[in-house]
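Q: quick one, what's the 3D model for this:
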Amino acid sequence: MTPLLDVNDLSRALGRSTHTIKRDLRRNPDAVPPRLCIPGTKLLRWREADVSAWLCALAAQGNRGLGGQP
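A: Numbers count the residues shown, from 1 in each chain. Okay, here's the model as predicted:
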């Protein structure tokens with residue numbers, strides 16, 4: 001099994017602050033890749049494959065920036 005990304009890993013991968021990622025999870029969930037919900041915890045974790053697929057989907061839509069901003 002591949003290791004999961006935490007919010008710090010995701011922050012580095014997307015070039016965004018952890019604060020922005022956490023805020024977007026509450027306000028604009030489409031602005032971050034889909035996360036894993038681990039039952040019984042509040043851990044924020046992402047699979048690397050999900051992050052890659054999310055970024056590819058943005059590129060396919062022609063979005064150059066996160067959140068759909070050209």
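Q: where does pLDDT dip in the chain?
A: The model of the chain has pLDDT under 70 over residues 63-70.
Q: give me the longest helix you can find in it.
A: helix 48-60 (DSSP state H).
Q: which residues touch that helix?
A: With CB atoms under 8 Å, 6 or more residues apart in numbering as the contact definition, helix 48-60 has outside contacts at 2, 5, 10, 13, 33-34, 36, 66. Glycine gets a C-beta too; all of them are placed from N, C-alpha and C.
Q: out of those, which is most surrounded?
A: Counting neighbours by other CB atoms under 10 Å, the top entry in these is residue 33, with 23 neighbours.
Q: surely residue 2 and residue 45 touch.
A: No - with contacts counted by CB atoms under 8 Å, residue 2 stays clear of residue 45, the gap being 11.6 Å.
Q: related to what we said a few turns ago, can you redo the contacts of helix 48-60 as CSV, where the extra columns are distance to residue 20 and secondary structure?
A: Below are the contacts of helix 48-60 laid out as CSV (distance: CB to CB, whole Å; DSSP: H, G, I helix; E, B strand; the rest coil):
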residue, distance to residue 20, secondary structure
2, 25, coil
5, 16, strand
10, 11, helix
13, 13, helix
33, 14, coil
34, 17, coil
36, 20, strand
66, 9, helix
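Q: can I get these in JSON lines including distance to residue 59?
A: Shown next, in JSON lines, are the contacts of helix 48-60 (distance: CB to CB, whole Å):
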{"residue": "2", "distance to residue 59": "22"}
{"residue": "5", "distance to residue 59": "19"}
{"residue": "10", "distance to residue 59": "18"}
{"residue": "13", "distance to residue 59": "15"}
{"residue": "33", "distance to residue 59": "13"}
{"residue": "34", "distance to residue 59": "17"}
{"residue": "36", "distance to residue 59": "23"}
{"residue": "66", "distance to residue 59": "11"}
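Q: thank you, goodbye.
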